[in-house]
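Student: Quick one, structure for this:
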Amino acid sequence: MTMPDQPASPQPAQQRPHGAARIGIGGPVGSGKTALLERLIPHLHARGVDLAVITNDLVTQEDAERLRRTSLLPAARILGVEAGACPHTVIREDPSLNIEAADSLDRAFPGLEMILIESGGDNLASTFSLDLVDWWIFVIDVAGGDDIPRKRGPGVVQADLLVINKTDLHPYVGVDLPRMVAEASAVRGGRALLCTNCRADEGVDRVADALCAAVLRR
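Tutor: Numbering: from 1, shown residues only. Model (predicted):
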C-alpha cells in the first residue's frame, strides 16, 4: 500500500553552539514513538549518520533498557533520563536534565552528528523547548481517532514534522485516513507531514530523509 502523505520542505535547524543536532520525538502514549525510534536508527546508519539516543521515562529507564536489548546502538550511546514528573516538564519547562545528558554524549563522542531525544508518553499539548532541540517530530496514530488533527493540539500544529503512524489499522478502527491526512495538512499550513506503519517499516525511510535534509543538509 502506498502511504498517503503531504510532505513539505523541512524547516531549517537553528544554528547552535553544541556539536550534534538534537532531535525531539514526542507524542501521546502508545502512538509509536519508540517503534519509530527503533526503525529510524538503521535508516540513519545507512545514510552514514553518527548518532546517539536519549529516552525519557517517569521513574524508570524502561525505554533505554529496551533499546539497549536491540543492540541497534552500543549501550554507551543510549542514555535514560528519569523525568520524575509530567513528561513534558523535562522537555519544555525545565529541560536541564536532557541538556546535560546531550552535552555528555557530545563530550563522549566528538564525531557525533545527531542525538534523538524521545519524550515520555504525553498528550496533544506536548511540545519541545528550543533550548533543548533543534528540530522535533510529533507522532500520532490512527487508532487515536481521525479527529486528532481537528483538535489542533500544539504538538500537531507546531512540530517540524508530524508523523501519522499505524496507518495499517485505519480499516479496523473506522478511520478515514485520507481525510485525516488532509485535515492534518490543513491545520499545519503545509508544514511537513508523513505517514508511517513503523511495525512494517513503511514510510520510515522518508522520515530519515527529512531529518537528514533538515539538520545535516544532506
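Student: what pLDDT, on average, does stretch 78-89 get?
Tutor: Stretch 78-89 comes out with an average pLDDT of 86.
Student: Actually, stretch 210-218.
Tutor: The predicted model gives stretch 210-218 an average pLDDT of 94.
Student: So which bits of it are buried?
Tutor: For stretch 210-218, the neighbour count (16 or more other CB atoms under 10 Å) marks 210-212, 214-215 as buried. Where you see a C-beta, it was placed from the backbone N, CA and C, and this is true even at glycine.
Student: Nearest residue to the middle of this protein?
Tutor: residue 25 (2.4 Å; CA atoms, centre = their mean).
Student: what about that residue, is that helix, strand or coil?
Tutor: Three-state assignment for residue 25 (DSSP: H, G, I helix; E, B strand; the rest coil): strand.
Student: Could you give the bridge partners of it?
Tutor: Beta bridges link residue 25 to residue 118, residue 137, judged by DSSP bridges.
Student: Test my guess that it contacts residue 133.
Tutor: No. Look at residue 25 against residue 133 with CB atoms under 8 Å: they stay out of range, at 9.4 Å.
Student: Identify the contacts common to the two.
Tutor: residue 117 (CB atoms under 8 Å, 6 or more residues apart in numbering).
Student: circling back: and the pLDDT at the residue nearest to the centre of the chain?
Tutor: The pLDDT attached to residue 25 in the predicted structure is 97.
Student: List the residues that contact it.
Tutor: By CB under 8 Å, 6+ apart, the neighbours of residue 25 are 33, 36-37, 116-119, 136-137, 139.
Student: TSV please, covering these and showing pLDDT, distance to residue 126 and neighbour count.
Tutor: Listed next are the contacts of residue 25 as TSV, based on pLDDT from 0 to 100; distance: CB to CB, whole Å; neighbours: other CB atoms under 10 Å:
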residue	pLDDT	distance to residue 126	neighbour count
33	95	11	28
36	97	15	23
37	96	16	23
116	98	16	25
117	98	13	28
118	96	12	27
119	93	6	29
136	97	10	25
137	98	12	28
139	97	10	29
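Student: So which of those is the closest to residue 90?
Tutor: Nearest to residue 90, judged by CB to CB, of those is residue 119 at 8.2 Å.
Student: Keeping just the C-alphas, turn the helix-or-strand element of the chain with minimal mean pLDDT into CSV.
Tutor: Least confident helix or strand of the chain, by mean pLDDT, DSSP states H and E, is helix 62-70 with a mean of 92. Extracted in CSV, the C-alpha atoms of helix 62-70 (Å, rounded to 0.1, in the frame of the first residue of the first chain):
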residue,chain,number,x,y,z
GLU,A,62,12.5,1.1,30.6
ASP,A,63,12.7,2.6,27.1
ALA,A,64,16.5,2.9,27.3
GLU,A,65,16.8,-0.7,28.5
ARG,A,66,14.5,-1.9,25.7
LEU,A,67,16.6,-0.1,23.2
ARG,A,68,19.9,-1.5,24.6
ARG,A,69,18.5,-5.0,24.2
THR,A,70,18.0,-4.5,20.5
